[in-house]
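Novice: Sequence plus predicted model, see below.
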Amino acid sequence: MATAIWNGAVLAESKACIIVEGDHYFPPDAIQRQYFKPSATHTTCPWKGEASYYDVSVNGAVNKDAAWYYPAPKDAAKNITGYVAFWKGVKVEA
């Protein structure tokens, strides 16, 4: 079971994470949606495609762009479509 925690809140929890390049990607139904707000940020990975981001908001604190996902990845990364990964101080315990 992998768990993503930030600012005392469990953001996501799942036994079905996919690990890519050392990052745990959580299934879309494993995240606690109340903590996620869409961000305007986008980045591009050469082999995964364009990533979209979420700001994570817990107890009035905001962690900008702390989560990312690939809504329409390239063929090589189709298995992580919509899965969510974390950084910027979000602790993932596996």
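Specialist: Arrived safely. Residues are numbered from 1 along each chain as shown.

Novice: contacts, neighbours, all on C-alpha from now
Specialist: Fine.

Novice: isn't residue 80 right next to residue 68, touching?
Specialist: No. Residue 80 is beyond contact range of residue 68, at 11.2 Å (criterion: CA atoms under 8 Å).

Novice: What is the burial count for residue 34?
Specialist: Using other CA atoms under 10 Å, residue 34 is surrounded by 10 other residues.

Novice: Next one, pLDDT for it please.
Specialist: Residue 34 is assigned a pLDDT of 98 by the prediction.

Novice: can you confirm it is in a helix?
Specialist: Yes. Counting by DSSP: H, G, I helix; E, B strand; the rest coil, residue 34 is located in a helix.

Novice: residues touching it, list them.
Specialist: Counting by CA atoms under 8 Å, 6 or more residues apart in numbering, residue 34 makes contact with nothing.

Novice: go on, residue 13?
Specialist: Per CA under 8 Å, 6+ apart, neighbours of residue 13: 1-4, 26, 30-31.

Novice: now do residue 16
Specialist: Contact analysis of residue 16 by CA under 8 Å, 6+ apart lists 1, 26-27.

Novice: From these, list the buried ones, please.
Specialist: For the contacts of residue 16, a neighbour count by 16 or more other CA atoms under 10 Å gives the buried set as 26-27.

Novice: how about a markdown table for the contacts of residue 16, with secondary structure added?
Specialist: Listed next are the contacts of residue 16 as a markdown table, based on three-state DSSP:
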| residue | secondary structure |
| --- | --- |
| 1 | coil |
| 26 | strand |
| 27 | coil |
